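1. Structure for this input, please:
(one chain, ligands or ions: 1)
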Amino acid sequence: MKDNSRKKAKWYRRSKKKQRGLTLIEILVVVTILGIIASIVGIGVVGALDDAKKDTTKIQMKNLADAVELYKIKIGRYPASLGELTKPPEGRKPIMDSLPKDGWDADFVYVYPGQHNQGKFDLQSKGPDGITDNEDDVTNWK
Ligand SMILES: [Ca+2]
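-> Reported below is the predicted structural model:
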């Protein structure tokens, strides 16, 4: 009887040790899986954030383009620079209180007369890389 219970206790301790080992491996597996899931979700969030910044840029660019058109209606010509939207010549009322920034908090590039939009103006955001004339730019001509 006593011998049997000792055996049981020994078996129990062994199985407990085994269980602990397995639990550690399981924790490692779970942590690894969680890490993989977190990185996938992270990539998704970063992607959504980039899309949101691009959308913000498009909206701000549209507002800016509307302000430039309004300037033309009020003053009779397109502004030579975006600064004229906030400080128009001859003490006229500003079209905008401040110039909008793109989704990456950078200034828009304004070119008049437009090289891409004949007879109008070009607006360009340098995009996430901050460099003009590459494929991540947001422009009013493509
Ligand atoms: Ca760029």
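
2. C-alpha only now, for contacts and for neighbours.
-> Will do.

3. which helices and strands sit right next to whichever strand or helix holds Gly44?
-> With secondary structure defined by DSSP states H and E, Gly44 is part of helix 2-75. Judged by 3 or more C-alpha pairs under 8 Å, 6 or more residues apart in numbering; DSSP states H and E, helix 2-75 is in contact with helix 83-86, strand 122-125, strand 138-139.

4. Rebuild the ones you listed as CSV, extending it with mean pLDDT.
-> What follows is the helices and strands packed on helix 2-75, written out as CSV (pLDDT from 0 to 100):
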stretch, mean pLDDT
helix 83-86, 96
strand 122-125, 98
strand 138-139, 97
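
5. middle-most residue in this protein, spatially?
-> By C-alpha atoms, centre = their mean, the chain has its centre lying nearest to Asp50, at 2.7 Å.

6. I figured Lys101 hits Val109, correct?
-> No: contact criterion C-alpha atoms under 8 Å: Lys101 and Val109 do not qualify, at 10.3 Å.

7. thinking again about what came up before, quick one: is the helix holding Gly44 near the ion?
-> No: shown here: helix 2-75 not in contact with the ion (C-alpha under 5 Å from the ion), separated by at least 11.6 Å.

8. distance between that helix and the chain's centre?
-> On the basis of C-alpha atoms, centre = their mean, to the nearest Å, helix 2-75 sits 18 Å off its chain's mean C-alpha point.

9. go on, stretch 108-121?
-> On the basis of C-alpha atoms, centre = their mean, stretch 108-121 is displaced by 26 Å from the centre of the chain it belongs to.

10. Please see if it touches the ion.
-> No: against the ion, stretch 108-121 shows no contacts by C-alpha under 5 Å from the ion, the least distance being 11.6 Å.

11. If you count neighbours, what's buried in that stretch?
-> Under the neighbour-count criterion of 16 or more other C-alpha atoms under 10 Å, stretch 108-121 has 108, 110-112, 121 buried.

12. With stretch 80-93 instead?
-> Buried residues in stretch 80-93, counted by 16+ other C-alpha under 10 Å: 82, 84-85, 87-88.

13. first to last residue in that stretch, what's the distance?
-> By C-alpha to C-alpha, to the nearest Å, the extent of stretch 80-93 from end to end equals 17 Å.
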